[in-house]
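Sequence plus the predicted model coming up.
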Amino acid sequence: MFRRLALSLAWLISLLALTALLAWAEASKPEGAAFVPSTRQTRVPGTAEVYTTSVTVPTYPYAGCLRPPQIGVAGVPYQALDWDCLSHAGPPVSQTYTLLVLSNDYLSVTLLPELGGRVYELVFKPTGHNELYRNPVVKPNPWGPPEQGWGLAAGGMEWGFPTDEHGYEWGVPWRYRVFEGATGVTVTLRDSDAFTRPTVAVAVHLPADQAALVIRPQIVNPTVASLDLEYWTNALLVPGAANAPSADLRFLFPGERVTVHSTGDADLPPAGELMEWPIHNGRDYSRLGNWDQWLGFFEAPEAHGPFAGVYDTAADEGMVRVYPADLVKGSKGFAFGWNDALPSSLWTDDGSAYVEVHGGLAPTFWDTTTLSAGEVVSWTEVWYPVSGIGGVSTANAEVALRLERLGDALGVGLHSPATREDLDLYLWGSNCTVLGHWQLLQVDPAHPVAFTLPACGLTPEPLSLVALGADGALLGGVNPRDCLPPTAAVEPLPSFVTASNFTVAWRGDDSWSGVTTYDLQARTGYGGQWRDWLTNAPAISDTFTGVDGETYFFRARARDAAGNAGAYAVEEWGQAFTTVLLNPAPVLVTSRKLVAPVTPAPGQTVSYTLVLSNTGNLTATGFTLTDYLPVTLQLISGTLSAGEPSDGLIAWQGTLPPGRDFRLTYAMAPSSATPVGIPLTNTAWLVADGLAPLSRVAVVSYRHLCFLPLVSKNLIVP
């Protein structure tokens, strides 16, 4: 029985291998999308387009030196290269490849389906630079899975599947489908439709309005068995104008330690060992120019997130990858070295070079991910260029921020991959002291924000730099700390209530950590004092008990989960008011007197407004208003809206029905006797039947004009 079982298993494995090879051969046939325009169309600004074109690249004649397909990891086929054959195959020959171009206002992204479906170019239009390495020749290199024994140096961003060291599929044609919509364009690239082996599809989405490329890999195991495999996205990066990094390129990897994958530097730990990051033995390895030989490293013990990338400070340009570290646990960097780098002839013919940023499912190349039968795993990551801010301290899908000590200054920067309006940028000290607040009317990918501030002895570590959106929500932060207090407001109340007990409700808002409790204050009458009513109340309503004939004013403040407490409102009437009327009565308490401007310039006129308001439920009879005009000011003829003054006194009599207002206005001008800098006060009195007299006061003070001497420095007039 065991022999029959062994034969059955052998037959099944052979069948699966044959099926996989047939599927691989079928998948190798390019599958285009007929509706993609073959020439570039006129694109409408603010939209994304897709079209096909071609590129001719000198290509080493490796195709005739490929060995027969073999079945590799997880049943995925591959072809090894006969290097001896290649050495006799002759020089590169021109070969034309079909390209798919995705374009919007900020990015031009080129895909090369015939060579592993790679992203071939990513041009950042504001700078005109291709952020991805483009090899001027397509050339086999000695890197790749050991069983395959080679790789293909074409450049761009490639999909490493189903094993490490770039996988198997960087040189075979991938199928693709194109989707266009109002939000952008998407090209879904697929390695195979086979059902006897795992497959991978990568959706490459260019939003219509962002300088960002959204990558959505999807790994499928359609088989009936669990499979161990790897997936890595690998970007070959060269931010800036040159098709090579400079010595000032910085690796942006969070964390304090990395695991060495491989290195030619004897001063560094061997493969598999931990290494301090970025400073090791006094040398800053985040700067490429400090390297001697090649180094590949993984974030340890796994990816920290939410970002990794590079920034070339000499070019003032970089590229970041934003990803979900809870699922995508691998983050790797690599470069050929600097002072004693690997010879460029290994991968190109013109001396150009690049650095690599990998992102994978497993923490390292020595780890794998197990997909159970029928399992699908997918995620979304965002890649976008950053420029003009001098470096990157942190990044997410919304913004990239910089906060860095520069000698006696602090470097501050903000780059947004999308156009944003009404941003707030805060710099807080360790105790939430506001060290800087900048209100940014608009930022976009072509217009980042960067400046320096005096350091005043401060270092970035205890500081917090945060960017808030127009709605107050946190966009991103360096050492983010919630230092913004929440807001709170009492809900509107009816102008009067007919019961002693009534409900007061309130609300709060905190877009960062959330409101936890409220404090409420109440004031009895216009001239009363604010007194605590509720303290640390988690509820958003309560019952208040009042007295007949009294008017009550209310205001609220909130606390958030970070311990920040808001301030009470300083409005004249608080945030809401009502009067308890167990018996019908007029209510005049919300009548007011306004003046503008409060501090006029010499010679400027001022406007007075009296608003007589009855918020009760009975007409105010016997209503009399008297208002003494401010001495030394002169009434401007024709501006009094009712009656005529007598000996500097304005008087008005009448009735005021419930729920009605009466407005009286006039304007006054200063005279030669008007003092400067001295408050000028006038008082209006309101009297009605059955009510105590009310007074309302307005104060103005004419200000001095001070003329400072004009000093010109280094002013050259032609």
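Looks like it came in fine.

Gly128: neighbour count?
The number of residues packed near Gly128 is 9, by other Cβ atoms under 10 Å. C-beta here means a position set from N, CA and C on the backbone, and glycine is covered the same way.

how would you label the nearest residue to it once chain neighbours are set aside: helix, strand or coil?
Leaving aside its sequence neighbours, Gly128 sits nearest to Ala241 (Cβ to Cβ, 6 or more residues apart in numbering; 7.9 Å). What DSSP: H, G, I helix; E, B strand; the rest coil gives for Ala241 is coil.

Next SSE downstream of the helix or strand where Gly476 lies?
According to DSSP states H and E, Gly476 maps onto strand 474-478. Per DSSP H and E, the first helix or strand lying C-terminal to strand 474-478 is strand 487-490.

export that following strand as CSV, just CAs?
Extracted in CSV, the C-alpha atoms of strand 487-490 (Å, rounded to 0.1, in the frame of the first residue of the first chain):
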residue,chain,number,x,y,z
THR,A,487,-13.5,72.3,22.0
ALA,A,488,-16.9,72.2,23.6
ALA,A,489,-20.2,74.1,23.3
VAL,A,490,-23.6,74.1,25.0
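
phi, psi of Leu288?
phi -60, psi -40 (degrees, to the nearest 10).

so who does it touch?
Contact analysis of Leu288 by Cβ atoms under 8 Å, 6 or more residues apart in numbering lists Pro245, Ser246, Ala247, Asp248, Leu249, Arg250, Phe251, Ala335, Trp338, Val355.

List just the nearest of the residues you listed to Pro630.
Distance to Pro630, by Cβ to Cβ, is smallest for Arg250 among the contacts of Leu288, at 66.4 Å.

and the helix or strand containing that closest one, what other elements does it pack with?
Following DSSP H and E, the helix or strand that holds Arg250 is strand 249-252. Applying 3 or more Cβ pairs under 8 Å, 6 or more residues apart in numbering; DSSP states H and E, one finds that strand 249-252 makes contact with strand 307-312, strand 317-322.

Check which element follows the one helix or strand in the chain whose mean pLDDT sits lowest along the chain.
Here the helix or strand of the chain ranked lowest by mean pLDDT, DSSP states H and E is helix 2-27, holding a mean of 36. Where DSSP H and E defines the elements, the next helix or strand beyond helix 2-27 is strand 49-59.

So which elements touch that next one?
Packing partners of strand 49-59 (3+ Cβ pairs under 8 Å, 6+ apart): strand 93-103, strand 134-141, strand 175-181, strand 184-190.

Name the stretch among those strands that sits most buried.
The highest mean neighbour count among the helices and strands packed on strand 49-59, using mean count of other Cβ atoms under 10 Å, belongs to strand 184-190: a mean of 22.

what pLDDT does the residue nearest to Gly128 get?
Looking at Ala241, its pLDDT stands at 96.

can you check Thr39 too?
57.

ok, now the one 3 residues further on?
The model reports Thr42 with a pLDDT of 78.

Tell me which residues are up against stretch 626-636.
Counting by Cβ under 8 Å, 6+ apart, stretch 626-636 makes contact with 593, 605-606, 610, 645, 648-651, 664, 666-671, 673-675, 680-685, 700, all of which sit outside it.

check contacts around the residue nearest to Gln210 when sequence neighbours are not counted.
The shortest distance from Gln210 to any non-neighbouring residue, by Cβ to Cβ, 6+ apart, is to Ala418 (4.6 Å). Applying Cβ under 8 Å, 6+ apart, we find Ala418 in contact with Pro207, Asp209, Gln210, Ala211, Ala212, Glu398, Asp444, Pro445.

So which of the residues you listed sit within strands?
Under the assignment DSSP state E, the contacts of Ala418 contribute Pro207 to strands.

Leu295: which of the contacts of Ala418 is nearest?
Nearest member of the contacts of Ala418 to Leu295, counting by Cβ to Cβ, is Ala212, at 28.8 Å.

if I look at the closest one, how far off is Trp533?
As judged by Cβ to Cβ, to the nearest Å, Ala212 and Trp533 stand 50 Å apart.

Just want to know which of those two has more residues nearby.
Ala212 (23 against 18).

Assess the claim that the more buried one and Glu381 are in contact.
No: contact criterion Cβ atoms under 8 Å: Ala212 and Glu381 do not qualify, at 10.4 Å.

Could you pull up the residues touching the nearest residue in space to Leu66 that is not next to it in sequence?
Leaving aside its chain neighbours, Leu66 sits nearest to Gln79 (4.5 Å; criterion: Cβ to Cβ, 6+ apart). Gln79 sits next to Leu66, Arg67, Pro68, Pro69, Gln70, Gln148 when contact means Cβ under 8 Å, 6+ apart.

And Leu493, by the same measure?
Phe502, Val504, Phe554, Ala576, Phe577, Thr578.

Buried ones among those residues?
Neighbour counting by 16 or more other Cβ atoms under 10 Å classes Phe502, Val504, Phe554, Ala576, Phe577, Thr578 among the contacts of Leu493 as buried.

so the fourth one bridges to which residues?
When you say that, I think you mean Ala576. Ala576 forms beta bridges with Phe554, as assigned by DSSP bridges.

Can you give me every residue that contacts it?
Counting by Cβ under 8 Å, 6+ apart, Ala576 touches Val490, Glu491, Pro492, Leu493, Val504, Phe553, Phe554.

6 Å - rerun?
Counting by Cβ atoms under 6 Å, 6 or more residues apart in numbering, Ala576 touches Val490, Pro492, Leu493, Phe554.

Map the structural domains onto the sequence of this structure.
Annotated domains of the chain cover 48-386, 411-478, 487-580, 592-700 [automatic domain parsing].
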